[in-house]
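K.L.:
Fold the following.
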Amino acid sequence: MESQFRPGFDGTQGYTEGSPPSTNLPGYILRVLAVVFTLISTVVMGTAKEIVTLLIRDPLTNETTTLMATVKSTYSAGYVYFVIVNAVVLFCSVIALVISIAKRAGSGGTLFARSVADLVMLVLLFSGNGAATAISVVAENGQENLAGWDRICDTVSKFCARVNAAIAVSMLASVAYLLLVLLGMIALRRRSY
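P.N.:
Sure, this is the predicted structure:
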């Protein structure tokens, strides 16, 4: 019987009936990019820290005192959640990449399971990015009328720049996973025919 080629994009489709598997570069590239982006965003956010010197003037005595303050990403629950989500997605991305390389010609069940896992990773990244972005917006603009929070990015600009860079890189990982989900859906649709 003649073998049939089933094209796909996530690195798991290929020839059927014992013929040689095809390599699928777009799926592998997207998975490698997801690993790199989540690694960078986890490290950058996890190590975001700045020490500042604040001059505080007492309005009653008119004395000025100096205060050293440290701002770390671990002080905010939103940033901690971001780091945890990116670390989990990094771990799962590495496992998915290894599985994709090891099983280049996957079965339909493996393709479906991997597509669902990619969708879960996408949702996790979106939730972590949203949490970190919300905190960053408050840090940049303040929230005087509701919570009484002052903006801090004027004082700790390096910290805010690192946090924003980590969020931007994590957004790129989200785009990679979005493309993996779309390509997985296309491959599953082609397999159903």
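K.L.:
Beyond the lowest-mean-pLDDT helix or strand in the chain, next helix or strand please.
P.N.:
Among the helical and strand segments of the chain, the one scoring lowest on mean pLDDT, DSSP states H and E is strand 49-57, with a mean of 85. Where DSSP states H and E defines the elements, the next helix or strand beyond strand 49-57 is strand 64-72.
K.L.:
Give me the phi and psi angles of the residue of the chain positioned farthest from its centre.
P.N.:
The outermost residue of the chain, judged against the average C-alpha position, is Thr61 (49.2 Å), by CA atoms, centre = their mean. Per-residue torsions, Thr61: phi -100, psi -10 (degrees, to the nearest 10).
K.L.:
And it, what's its pLDDT?
P.N.:
Looking at Thr61, its pLDDT reads 86.
K.L.:
still on that earlier bit, strand partners (parallel or antiparallel) of the least confident helix or strand of the chain?
P.N.:
When pairing is defined by DSSP bridges, strand 49-57 lines up against strand 64-72 (antiparallel).
K.L.:
any idea of the angle the helix or strand following the strand it pairs with forms with strand 64-72?
P.N.:
Per DSSP H and E, strand 64-72 leads on to helix 77-102 as the next helix or strand towards the C-terminus. For helix 77-102 against strand 64-72, the angle between stretch directions is 30 degrees (axes from the mean of the first three to the mean of the last three CA atoms, to 10 degrees).
K.L.:
What helices and strands are in contact with helix 77-102?
P.N.:
When contacts are defined as 3 or more CB pairs under 8 Å, 6 or more residues apart in numbering; DSSP states H and E, helix 77-102 packs onto helix 25-46, helix 108-141, helix 157-191. For every residue, glycine as well, the C-beta is placed using N, CA and C.
K.L.:
Just the mean pLDDT for that helix, thanks.
P.N.:
Rounded mean pLDDT across helix 77-102 is 92.
K.L.:
List the buried residues of that helix.
P.N.:
Neighbour-count burial for helix 77-102 flags 78-83, 85-90, 92-94, 96-97, 99-100 (criterion: 16 or more other CB atoms under 10 Å).
K.L.:
Any idea how many residues pack against the closest residue to Gln143 other than its chain neighbours?
P.N.:
Computed as CB to CB, 6 or more residues apart in numbering, the closest residue to Gln143 that is not its neighbour in sequence is Trp149, at 4.4 Å. By the measure other CB atoms under 10 Å, the count of residues near Trp149 is 12.
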